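Q: This is a predicted model, with the sequence first.
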Amino acid sequence: MRKELLIRIIGGFVIGAVLGQVVQFFVSMGIAQGSYAWVVPEFRALFTNGIIAIITQVLLTGLIGITFALAALFFEMARWGMLKQYIVHFFVTAIIWIPIVMILWMPKTVANVCSLLASFLGTYVITWLFQYKLSKRDIEKINAMLTKER
C-alpha cells in the first residue's frame, strides 16, 4: 500500500509538472510575442529571482498532479456511493486546482474567475457523464453475464 501510494505521488507530481509546462508553453505563445516566457510576468513579480519563480511553478503544478492522483482513490472507496465519490473528488480537486491556476496563469478579474470556475465545472460534468456511461455499460455487461450463468 505504501509503495502504491508513493508511486501515485511521484507519478502524479511528474505528470502534473509536465502538463504544467505544456500549459505554460501555450500561455507563453499568447503573451511572449516571439520569445518564451518561463512564467507569466504577474507570477514572476511575486519573486525576487526568476529561477525561484520557475521552481515554484513546477512545484505547484506537481502539487496539482499529486492531488488528482491521490483524489482518484476516492473512487476506490466501495462503501461510498458514486455521487459521494464525485462530490468529494470535485471539491478536493477544485480547492487545489483553482487557486493554483489563478496564481500561475490567470489575470485576476471577476470575468476570468467566473470563466475558470465555469470551465472547471463544465469539464468535470462532461467527465462525470462519460464515466457514468462507461460504468453503466460495464454494469449492464456484468448483469448480462450473470443472467446467462443462471
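A: Alright, I've got the coordinates.
Q: Checking residue 35 next. Helix, strand or coil?
A: coil (DSSP: H, G, I helix; E, B strand; the rest coil).
Q: What segments of this structure are helices?
A: 2-31, 41-44, 50-71, 82-104, 110-149 (DSSP state H).
Q: And the pLDDT at residue 39?
A: Per-residue confidence (pLDDT) for residue 39: 90.
Q: Which residue, other than its chain neighbours, is closest to it?
A: Using C-beta to C-beta, 6 or more residues apart in numbering and skipping residues adjacent in sequence, the residue nearest residue 39 is residue 53, 4.8 Å away. C-beta here means a position set from N, CA and C on the backbone, and glycine is covered the same way.
Q: how far away is the one you found from residue 103?
A: 11 Å (C-beta to C-beta, to the nearest Å).
Q: any shared contact partners between the two?
A: Taking C-beta atoms under 8 Å, 6 or more residues apart in numbering as the criterion, residue 53 and residue 103 both touch residue 43.
Q: neighbour-wise, which of these two wins?
A: residue 53 (20 against 16; other C-beta atoms under 10 Å).
Q: Out of the helices of the chain, which one sits most buried?
A: Greatest average neighbour count among those goes to helix 50-71 (a mean of 18), per mean count of other C-beta atoms under 10 Å.
Q: Check which helices and strands it is in contact with.
A: helix 2-31, helix 41-44, helix 82-104 (3 or more C-beta pairs under 8 Å, 6 or more residues apart in numbering; DSSP states H and E).
Q: could I get these as TSV with distance to residue 114?
A: Formatted as TSV, the helices and strands packed on helix 50-71 follow (distance: least, C-beta to C-beta, whole Å):
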stretch	distance to residue 114
helix 2-31	19
helix 41-44	19
helix 82-104	12
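Q: With respect to residue 129, which of those lies nearest?
A: helix 82-104 (10.9 Å; C-beta to C-beta).
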